[in-house]
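*Asks:* only geometry, no sequence info:
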C-alpha cells in the first residue's frame, strides 16, 4: 500500500513546507474519517452551489459558481466594502475577470496518465498481497487486515482527482491576483467605473486570499492551510461567502429576467430596457452608479418579500430592439428597499455536514472494521492483540474527527460578523479557547493515531504479533487452550472465509463511498 500513499502525495502539490507535508500525511492516515469528511463536504458544497445557479441566466453565473467552488481549496475573504462585490457581479467591465478565473480553475480538475497508472499499481499491489498470502507460513500476519485498513485511500485518491485540487503550488492565489488586476468598481458616475485600486486601510478587491497576518488569534489558523485534509476548517466560512455571492447573483438575475436595468434604482432612474442578443443581457442594462449597483444586488422590496420577485418595475408592453419598453415604476407605492445582512450559516449547511460526516464514518468503519473482523474471527477468536490494535486506531481516528469538527464549528461561531456584537467578551473568549483546544487535541490525536497505525502495520508484517501471548490470549475470553497455537498456523476454510469477507467489506465500502461522489454530480458536470 506504499504506492497508494505515494499517489495520494502526488496530487497534493500545494504544501508550503516539509513540516506541513508530514502533518498532512499523518493526519490523513491517522484519521481517515477526517480526510473523507474534508473531501465530501468540499464536494457537497460545490454541488449545492452549482445546482443553485442552474436556472440563472445572468451573465457569468456559471463561471461564478465554478470559481467559488474552486476557492473552497484556499482561504478567501469577501470585502466589507459594499460596492466591490456588487460591481464585480453586475458591471460588464468585469466579464474578463470571471473569464480568466473560470479558465484557470478548470485546471484544478486534471487527470493524468501517471496518476491513473499509480492507481492501477495500487490495485495490483493488493492483488499481489492476496496471492502471496497463500505461500506464507504464518496466517495471522499475511497482511489482509492491512489491505482492508488502507483501502480507504483508493476513493480518496479518485475523489480528489474528481472534485479537484490545485495543480501546482499557489495556482489559485496567482490566478486571483492576476484577475484582480482586471477588476472594476462602480463610481458615482453611471458610465465611469474605475479600476479597483488601493484604498488605504481597506481591502482593495472584492475577493482576496487571507494570510496569517490577517487572521485573528489561533482559533481560525487551520483555515489558512491549503492541503486537502484541512478543507474541513473552511467549510462553514466558505459556505457563508458563497451564499453571499449567490444571493447577489440571484437578485441580479431575477431583476434582469423582469427587464429591470441597473439604473432603475435611485434618483434619475430610467425605465428603458435595451434588448440584446437572445439569452443574454445587454451591457447597457448592467451600468449604473455605485448606489444603484449596490441596491440592484442587495435590496429587497416588500414586493419581493411577498411574491419572491424583486419587481419595482413592471413592463406594460412588448419590448423590441428598436422600441424601448413602456413601464410603470412601483417604487413610490412601497417603502424604500431594505438592505439584507448576510447570515452566519449558509442554507442547508448542517444537512451537508451531517451527510458528509455519516459517509466519512461509514468509509472508515467499513475499512477499519473489516480489519478488526478479520482478526476477531481468526484463531484465537476474540479481541486479541491485532484486533484491539486496529480497534483502538478506529476509535482514536473517530474521536479526532469529532474534535476537529467541533473546533471548526466553534471557530466559526466566534468569528466577528460585521459591526454587530454577538458575544460578550467572556463567552467569546471561552468559545475561542474551546476552538483552539479542540483543534490542537484533535490534530494531535490524529498524528498519534497515524504513527500508531504505521507501527501496527510494521508489527503485523514483521511477525511481532506472532508471540505466545498474542497467539493464545484475548481480552474478552482470556487465555485460550494451548492447542489453538497450532491451529493459528494452519490455513483452514474458516480463516479463508474471514479473509474474503473482510476484503469484500472493505472494498465494497470504498466503492460505495466513491460512487456517492459520482451520484452527487450536478447536471451541468
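*Replies:* Nice, I can see it. Quick caveat, the model's predicted, so the values are computed rather than measured.

*Asks:* only C-alpha atoms from now on, for both contacts and neighbour counts.
*Replies:* Fine.

*Asks:* list the buried ones in the top helix by length along the chain?
*Replies:* In the chain, assigned by DSSP state H, the helix with the most residues is helix 425-462. Across helix 425-462, burial judged by 16 or more other C-alpha atoms under 10 Å covers 428, 431-450, 452-453, 456-457, 460.

*Asks:* what's near enough to touch residue 293?
*Replies:* Residue 293 is in contact with 83, 86-87, 90, 186, 262-263, 287, counting by C-alpha atoms under 8 Å, 6 or more residues apart in numbering.

*Asks:* among the residues you listed, find the lowest-pLDDT one for me.
*Replies:* Within the contacts of residue 293, the minimum per-residue pLDDT falls on residue 263 (82).

*Asks:* hang on, it packs against residue 284?
*Replies:* No - between residue 263 and residue 284 there is no contact under C-alpha atoms under 8 Å: 9.5 Å.

*Asks:* compare the two (neighbour count), which wins?
*Replies:* Shown here are residue 263 and residue 284; by other C-alpha atoms under 10 Å, residue 263 has more neighbours (25 against 18).

*Asks:* helix, strand or coil for that one?
*Replies:* Classification of residue 263 using DSSP: H, G, I helix; E, B strand; the rest coil returns helix.

*Asks:* for the one 10 residues further on, same thing?
*Replies:* Classification of residue 273 by three-state DSSP places it in coil.

*Asks:* give me phi/psi at it?
*Replies:* With angles defined as degrees, to the nearest 10, residue 273 sits at phi -110, psi 120.

*Asks:* distance check, it against residue 288.
*Replies:* 13 Å (C-alpha to C-alpha, to the nearest Å).

*Asks:* how about residue 386?
*Replies:* Residue 386 is 70 Å from residue 288, by C-alpha to C-alpha.

*Asks:* ok, these two, which is more surrounded?
*Replies:* Ranked by neighbour count (other C-alpha under 10 Å), residue 386 and residue 288 place residue 288 first, with 29 against 26.

*Asks:* doesn't that one lie inside a strand?
*Replies:* No - Residue 288: not assigned to a strand; according to three-state DSSP it is coil.

*Asks:* how about the residue lying closest to it once chain neighbours are set aside, secondary structure?
*Replies:* Distances taken as C-alpha to C-alpha, 6 or more residues apart in numbering put residue 190 closest to residue 288, at 4.3 Å, once the chain neighbours are dropped. Counting by three-state DSSP, the backbone at residue 190 sits in coil.

*Asks:* number of residues surrounding residue 190?
*Replies:* Neighbourhood size, residue 190 [other C-alpha under 10 Å]: 17.

*Asks:* need phi/psi at it.
*Replies:* Residue 190 adopts backbone torsions of phi -60, psi -40, taken as degrees, to the nearest 10.

*Asks:* that one contacts residue 291, correct?
*Replies:* No - at 9.8 Å, residue 190 does not count as touching residue 291 under the criterion of C-alpha under 8 Å.

*Asks:* ok, back up a step: so what's the residue nearest to residue 288 up against?
*Replies:* With the criterion set at C-alpha under 8 Å, 6+ apart, residue 190 makes contact with 263, 287-290.

*Asks:* and the pLDDT for it?
*Replies:* 80.

*Asks:* give me the number of residues near the closest residue to residue 73 other than its chain neighbours?
*Replies:* Distances taken as C-alpha to C-alpha, 6+ apart put residue 226 closest to residue 73, at 6.1 Å, once the chain neighbours are dropped. Neighbourhood size, residue 226 [other C-alpha under 10 Å]: 24.

*Asks:* what about residue 226, distance to residue 99?
*Replies:* Residue 226 is 24 Å from residue 99, where distance means C-alpha to C-alpha.

*Asks:* flag the shaky bits of this protein, pLDDT-wise.
*Replies:* Applying pLDDT under 70 to the chain flags residues 1-18, 109-142, 197-203, 212-217, 265-271, 299-343, 379, 417-426, 461-495, 520-525.

*Asks:* doesn't residue 359 belong to a helix?
*Replies:* Yes - counting by three-state DSSP, residue 359 falls inside a helix.

*Asks:* ok, it - contacts?
*Replies:* Applying C-alpha under 8 Å, 6+ apart, we find residue 359 in contact with 36-37, 40, 513.

*Asks:* in helices only, show me those.
*Replies:* 36-37, 40, 513.

*Asks:* quick check, nearest of the contacts of residue 190 to residue 24?
*Replies:* residue 290 (44.2 Å; C-alpha to C-alpha).

*Asks:* can you name the residues that contact the closest one?
*Replies:* 83, 87, 185-190.

*Asks:* mind running it again at 10 Å?
*Replies:* 82-84, 86-87, 185-190, 193, 296 (C-alpha atoms under 10 Å, 6 or more residues apart in numbering).

*Asks:* among those residues, which ones are buried?
*Replies:* 83-84, 86-87, 185-187, 190, 193, 296.

*Asks:* from those, pick the one nearest residue 221.
*Replies:* Using C-alpha to C-alpha, residue 84 comes nearest to residue 221 of the buried ones among the contacts of residue 290, at 26.0 Å.

*Asks:* what angle do whichever strand or helix holds residue 409 and helix 425-462 make?
*Replies:* Of the helices and strands defined by DSSP states H and E, residue 409 is found in helix 385-413. On the basis of axes from the mean of the first three to the mean of the last three C-alpha atoms, to 10 degrees, helix 385-413 is oriented at 160 degrees to helix 425-462.
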